[in-house]
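A.B. asks: what shape does this take:
(one chain, ligands or ions: 1)
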Amino acid sequence: MVHDLLRPVLGRIRLACVLSALGALAGLAPFAGLVELADALLATPIDRGRAATVVVLIVLGLLLRAGFMSAALTITHIADVHLQAVLRRRMITNLGRVPLGWFSRNSSGRLRKTAMSDVDALHQLVAHHAVETTAAIVTPLGALAYLVILDWRLAVLAVATIPLYVAAYAWMERGSNDVLRKLDDSNARLSSAVVEFISGIAVVKTFGRAGKAHAAYRQAASEYTDFFAAWVQPMSRIEALAGLLVSAPVVGLVTAAGGVWFVGAGWVSPGEALAGVLLACVIPVAIEPLGFGALTRRSAGAAAARIRELLDEPPLTAPAVPRSPDGHRVDYDDVRFAYEGGQDVLHGVSFTCEPGTVTALVGPSGSGKSTLATLLPRFHDVTGGSIRIGGVDVRHVDPASLYRHVGFVLQDVQLVRGSIRDNVALGRPDATDTEIQDACRAAQIHTRITALPGGYDAVAGQDVQLSGGEAQRISIARALLADTPILVLDEATAFADAESEAAIQDALSRLAIGRTVLVIAHRLTTITDADRIVVLDHGRVTETGTHTELLAAQGHYARMWSSMTTGSYA
Ligand SMILES: Nc1ncnc2c1ncn2[C@@H]1O[C@H](COP(=O)(O)OP(=O)(O)OP(=O)(O)O)[C@@H](O)[C@H]1O
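C.D. replies: Numbers count the residues shown, from 1 in each chain. Next up is the predicted model:
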């Protein structure tokens, strides 16, 4: 999976690995040089010429190592920047094509994490991991090969303490899967206690249960700490001891003692024994990055999975030969729909919105009003039947041009990070200031904007925090300016202050003039003038007609109307 994501930079990473291997080998040259130097200095008389040449070669080796390594890291860092740009571009392109309903399921926090942190998590992998791992493998292998060439016994001596270290680690790791599973369980209990405590804090406090909720969190936290400490304390002692076995002083001491013995036995020269000691000390340090590498691979793997998921999100299907709607009549024809993996929430809904009329969807909470309305701008695609605009199935209209026909003002208004002017002009970036201001006047938000310190240049979310009602009026101004012939509106419910609500209703009425409007009605009082009311219940149309007709029919709507007067319509 990770490999697949790295494809655009694999060639560069491979080149960097070759350079890193060459750097690692060049880094061993000084050790070979030291053997030669020792031989030259211990010779009688001292071989000055050879010693000088060897010093030059040692310096050259060090310079080559630095040169190869920095070239390798430069290449991988450039590759990393390139890959980040490629991945972010691909993510944005794909997110621009996924159905809008996808964004309701996925929080912007999650998206931001993937686009920023997860892409960053690949940095270690691309910029450092391959280069450092190559060096970590080539350095000890090269060192051992060199020692074997000098004398195989030196190679054995150099790695003498490593089997003990591995044995200590294996002993420490025994049964760790079981322990890690228990640790995970304990961690999950702690996380859920934290989430419960934080997300429910308002309710918990209101009902005076803060102490109890806090106690549950404290208990989960102390269980986790106790368990972790019980597992980690003996391990850290063993780890410290095992670490000693591969530490430079211990390795140096063991190899020096062995070296003295080898020289005494006449197997190696003093210079060769010295190289054995030095290289034995280098090996544990050189292989250290291999341990971190596992961690890097694991976290990059998890990040890659999340990135992959975003990139693989299927786009909204686009027609091979797009068709243009003929007029603005909207037909729902036997529409069925089920959310992913769920049961049908709409069971064959049919009705028509005539051009220039207002159609209101009413029904109890959960009856499918929002689902039905948002199928028109293709937040999701129907699972059965069809929705047509001007006689053309919405799936046969080019997605980009669909939004020139259908606009929407929903309750969950998204303001982009930019000036108020940019936010209003989102659908028509070429709009003049006068047009923008006219739209804002009609949407009852102009006066509020001009009262802001920066006016139309104030940046939403930075210079100014707009209330839900204000943000909705901005989105109404946006829809007015975009001037789409068909509109999906979600009637305001959530705003406590009556003035703001009246302003929104007034703005919505202006917006509706002359368009084909489908409005999700949460209260019946606001839609008594609608040209047509479609009553939904459990995903089915139970009645349609005008307010007067439906009251006269004395059916579902009439019952809702009368219960509303007692305040029980949801
Ligand atoms: N994103 C979703 N994923 C799965 N099921 C969903 C989703 N959104 C809504 N539903 C389900 O679809 C059904 C219809 O919901 P919908 O929001 O369309 O009803 P509604 O009439 O608009 O309700 P309300 O007036 O409370 O907004 C409900 O059973 C709801 O649980």
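
A.B. asks: which of the helices and strands in this protein ranks last by mean pLDDT?
C.D. replies: helix 201-206 (a mean of 62; mean pLDDT, DSSP states H and E).

A.B. asks: which other helices and strands contact the helix or strand just after that helix?
C.D. replies: If you walk from helix 201-206 toward the C-terminus, the next helix or strand you reach (DSSP states H and E) is helix 210-245. On a contact count with 3 or more C-beta pairs under 8 Å, 6 or more residues apart in numbering; DSSP states H and E, helix 210-245 meets helix 162-173, helix 176-199, helix 201-206. Glycine gets a C-beta too; all of them are placed from N, C-alpha and C.

A.B. asks: right, and Leu157 touches Gly276 too?
C.D. replies: Yes - with contact defined as C-beta atoms under 8 Å, Leu157 and Gly276 form a contacting pair (6.1 Å).

A.B. asks: so these two - more neighbours on which side?
C.D. replies: Gly276 (29 against 25; other C-beta atoms under 10 Å).

A.B. asks: against Glu435, how distant is that one?
C.D. replies: 83 Å (C-beta to C-beta, to the nearest Å).

A.B. asks: related to what we said a few turns ago, please enumerate the shared neighbours of Leu157 and Gly276.
C.D. replies: 255, 258-259, 262 (C-beta atoms under 8 Å, 6 or more residues apart in numbering).

A.B. asks: just the closest of those residues to the ligand, please.
C.D. replies: Thr255 (65.8 Å; C-beta to the nearest ligand atom).

A.B. asks: what residues sit buried inside the helix or strand harbouring that closest one?
C.D. replies: Under the criterion of DSSP H and E, Thr255 resides in helix 248-264. Neighbour-count burial for helix 248-264 flags 251, 254-256, 258-259, 262-263 (criterion: 16 or more other C-beta atoms under 10 Å).

A.B. asks: likewise stretch 161-181?
C.D. replies: Buried-residue list, stretch 161-181, by 16+ other C-beta under 10 Å: 161-162, 165, 168, 172, 179.

A.B. asks: could you do stretch 268-287 as well?
C.D. replies: 268-269, 271-284, 286-287.

A.B. asks: same check, this time on stretch 42-57
C.D. replies: 47, 51, 54, 57.

A.B. asks: then stretch 11-30?
C.D. replies: Quick answer for stretch 11-30 (16+ other C-beta under 10 Å): 12-13, 16-17, 19-30.

A.B. asks: just put the helices and strands packed on helix 210-245 in TSV and tack on distance to the ligand.
C.D. replies: Shown next, in TSV, are these (distance: least, C-beta to the nearest ligand atom, whole Å):
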stretch	distance to the ligand
helix 162-173	43
helix 176-199	19
helix 201-206	20
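
A.B. asks: quick one: which of those is nearest Pro429?
C.D. replies: helix 176-199 (39.2 Å; C-beta to C-beta).

A.B. asks: where do the strands sit along the chain?
C.D. replies: Shown for the chain, the strands assigned by DSSP state E span residues 330-338, 344-353, 358-362, 384-389, 392-393, 406-409, 486-490, 516-520, 532-537, 540-545.

A.B. asks: looking at those strands, which is closest to the ligand?
C.D. replies: Here strand 344-353 is closest among the strands of the chain (C-beta to the nearest ligand atom), at 3.9 Å.

A.B. asks: what comes into contact with the closest one?
C.D. replies: Residues contacting strand 344-353 (C-beta under 8 Å, 6+ apart): 329-339, 359, 368, 371-372, 383-385, 486, 516-518, 532, 534, 536, 538-541, 544.

A.B. asks: returning to that earlier point: now pLDDT too, for the buried residues of stretch 161-181, in a markdown table please.
C.D. replies: Converted to a markdown table, those look like this (pLDDT from 0 to 100):
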| residue | pLDDT |
| --- | --- |
| Thr161 | 83 |
| Ile162 | 81 |
| Tyr165 | 80 |
| Ala168 | 79 |
| Met172 | 73 |
| Val179 | 73 |
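
A.B. asks: spell out which residues of the stretch 201-350 of the chain are next to the ligand.
C.D. replies: By C-beta under 6 Å from any ligand atom, the residues of the stretch 201-350 of the chain that approach the ligand are 339, 342, 345.

A.B. asks: let's see it at 5 Å
C.D. replies: For the stretch 201-350 of the chain, the residues in contact with the ligand (C-beta under 5 Å from any ligand atom) are 339, 345.

A.B. asks: number of nearby residues for whichever residue of the stretch 201-350 of the chain sits closest to the ligand?
C.D. replies: Distances between the stretch 201-350 of the chain and the ligand by C-beta to the nearest ligand atom are smallest at Tyr339, namely 3.4 Å. When neighbours are counted by other C-beta under 10 Å, Tyr339 registers 13.

A.B. asks: again, but for Asp333
C.D. replies: By other C-beta under 10 Å, neighbour count at Asp333 equals 16.

A.B. asks: again with Ser509
C.D. replies: 12.

A.B. asks: verify the stated contact: Ala318 with Asp398.
C.D. replies: Yes - with contact defined as C-beta under 8 Å, Ala318 reaches Asp398; the gap is 6.6 Å.

A.B. asks: before we move on, back to that, would you list the strands of the chain in JSON lines and tack on mean pLDDT?
C.D. replies: Shown next, in JSON lines, are those (pLDDT from 0 to 100):
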{"stretch": "strand 330-338", "mean pLDDT": "95"}
{"stretch": "strand 344-353", "mean pLDDT": "93"}
{"stretch": "strand 358-362", "mean pLDDT": "91"}
{"stretch": "strand 384-389", "mean pLDDT": "94"}
{"stretch": "strand 392-393", "mean pLDDT": "94"}
{"stretch": "strand 406-409", "mean pLDDT": "86"}
{"stretch": "strand 486-490", "mean pLDDT": "87"}
{"stretch": "strand 516-520", "mean pLDDT": "90"}
{"stretch": "strand 532-537", "mean pLDDT": "93"}
{"stretch": "strand 540-545", "mean pLDDT": "93"}
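
A.B. asks: for Leu73, find the nearest of the ones you listed.
C.D. replies: Nearest to Leu73, of the strands of the chain and by C-beta to C-beta, is strand 406-409 at 49.8 Å.
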